[in-house]
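In: Next come a sequence and a model predicted from it.
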Amino acid sequence: MSTDLRLSQRIDERNDSFTAATKKRLLDQLPHLETESLEWLIMEHYQFSFANVGLLSLARDCTAKLANQGVTVELQRNIDEEDGHAPMYRQGMRNIGTDVDERVEFKPTTAFLAKVRELSAPNPSRALGTLYATETAAIFEHETFFELCREVAERRGFAYQGSLIKKFHDIHLDEGVEQGHKDGLAEFVDVDDTAAPGTGEKIDKADLEQGAYEAIEAMETWWNALLEKVLTPATKH
Ligand SMILES: [Fe+2]
Ligand SMILES: [Fe+2]
């Protein structure tokens, strides 16, 4: 059955099962979690947002050796769109009482970012799979952190409606930024690259798929560490 699916759909299935379960695990417990814990999760997610352009740039540079130059063009488009997003995230959080720069290193986040960096180069097909998987999961991240940020803002007496932090999540969700990143890369995940012009490397579908699954595994490991830290024994399932 699964073999009839396009490669992007197979990757999506794996990703969806991780993101749906993680989102449910966290949002079910949202009212019971300390504001401090929510703030901490946001600070850790900010690290990924802050690292994003660097990771995309690694992938853009290494995919330049593909015969199909469209991947590099799409990653550059993504970089241009992401430019300025981390400062907006930081300011949006500052406006509702959190300074993300006060964050203390959490080793699993460091390890996660190192793993994504390792997957983003030098193998261009693996990088394409990795970025496809992380851009797909970015939709779930914004949906989840939209709710966390709302909870923090409301508990502190700030209006969420009209806030910069809500706008930050809205541009990624309602305005379609993350869906656009996912769809933009899906085209190359599913492309029949055998006839690509030029002398560069062909997209290797096995490497691509492997990269996507390794990235999903890294995201799962990271999220499990994050949830392990914030969910008390009574709220863990
Ligand atoms: Fe962004
Ligand atoms: Fe994105």
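Out: Nice, I can see it. Ligands and ions are numbered 1, 2, ... in the order given.

In: When you work out contacts or count neighbours from here on, use the C-alpha atoms and nothing else.
Out: Will do.

In: how about the helices in the chain?
Out: 7-29, 35-63, 70-82, 85-95, 107-119, 124-155, 164-172, 177-189, 205-230 (DSSP state H).

In: Which positions in the fifth one come out as buried?
Out: By that I understand helix 107-119. Along helix 107-119, these residues count as buried under the neighbour rule (16 or more other CA atoms under 10 Å): P108, T109, F112, L113, V116, R117, L119.

In: So the third one sits against E217, correct?
Out: Okay, so that is F112. No. Between F112 and E217 there is no contact under CA atoms under 8 Å: 9.9 Å.

In: Tell me the confidence at G184?
Out: Listed pLDDT for G184 reads 97.

In: so what's S163 up against?
Out: S163 is in contact with G92, counting by CA atoms under 8 Å, 6 or more residues apart in numbering.

In: for the one 5 residues further on, same thing?
Out: Going by CA under 8 Å, 6+ apart, F168 touches H85, M88, Y89, G92.

In: Tell me the confidence at it?
Out: 98.

In: same thing with M1?
Out: On the pLDDT scale, M1 gets 48.

In: which residues sit in contact with the residue nearest in space to the middle of the chain?
Out: By CA atoms, centre = their mean, the mean C-alpha position of the chain lies nearest to A138, the distance being 3.4 Å. Neighbouring residues of A138 by CA under 8 Å, 6+ apart: E178.

In: Please tell me the pLDDT value assigned to it.
Out: 97.

In: Around ligand 2, which positions in the chain sit nearby?
Out: Counting by CA under 5 Å from the ion, the residues of the chain lying close to ligand 2 are E135, E178.

In: Would you mind naming what in the chain lies close to ligand 1?
Out: E82, H85.

In: Pass me the low-pLDDT residue ranges in the chain, would you?
Out: 1-3, 233-237 (pLDDT under 70).

In: Now with 50, please.
Out: Low-confidence segments of the chain (pLDDT under 50): 1.

In: what about stretch 75-95, distance to the chain center?
Out: 13 Å (CA atoms, centre = their mean, to the nearest Å).

In: residues of stretch 51-64 that come out buried?
Out: Residues of stretch 51-64 classed as buried: N52, V53, L55, L56, S57, L58, A59, R60, D61, C62, T63, A64 (neighbour count, 16+ other CA under 10 Å).

In: ok, so of the residues you listed, who is nearest ligand 2?
Out: For the buried residues of stretch 51-64, the closest approach to ligand 2 (CA to the ion) belongs to N52, at 8.1 Å.

In: and that closest one, how far is that from C149?
Out: Applying CA to CA, to the nearest Å, the value for N52 to C149 is 20 Å.

In: residues in contact with the nearest residue to F158 once chain neighbours are set aside?
Out: Excluding its sequence neighbours, the residue lying closest to F158 (CA to CA, 6 or more residues apart in numbering) is I96, at 6.4 Å. I96 makes contacts with V152, A153, R156, F158, as judged by CA under 8 Å, 6+ apart.

In: ok, now which ones touch the first one?
Out: Residues touching V152, when contacts are defined by CA under 8 Å, 6+ apart, comprise T35, L38, E39, I96.

In: Quick check: phi and psi at A121.
Out: phi -170, psi 160 (degrees, to the nearest 10).

In: neighbours of it, just the number please.
Out: Applying other CA atoms under 10 Å, we find 22 residues neighbouring A121.
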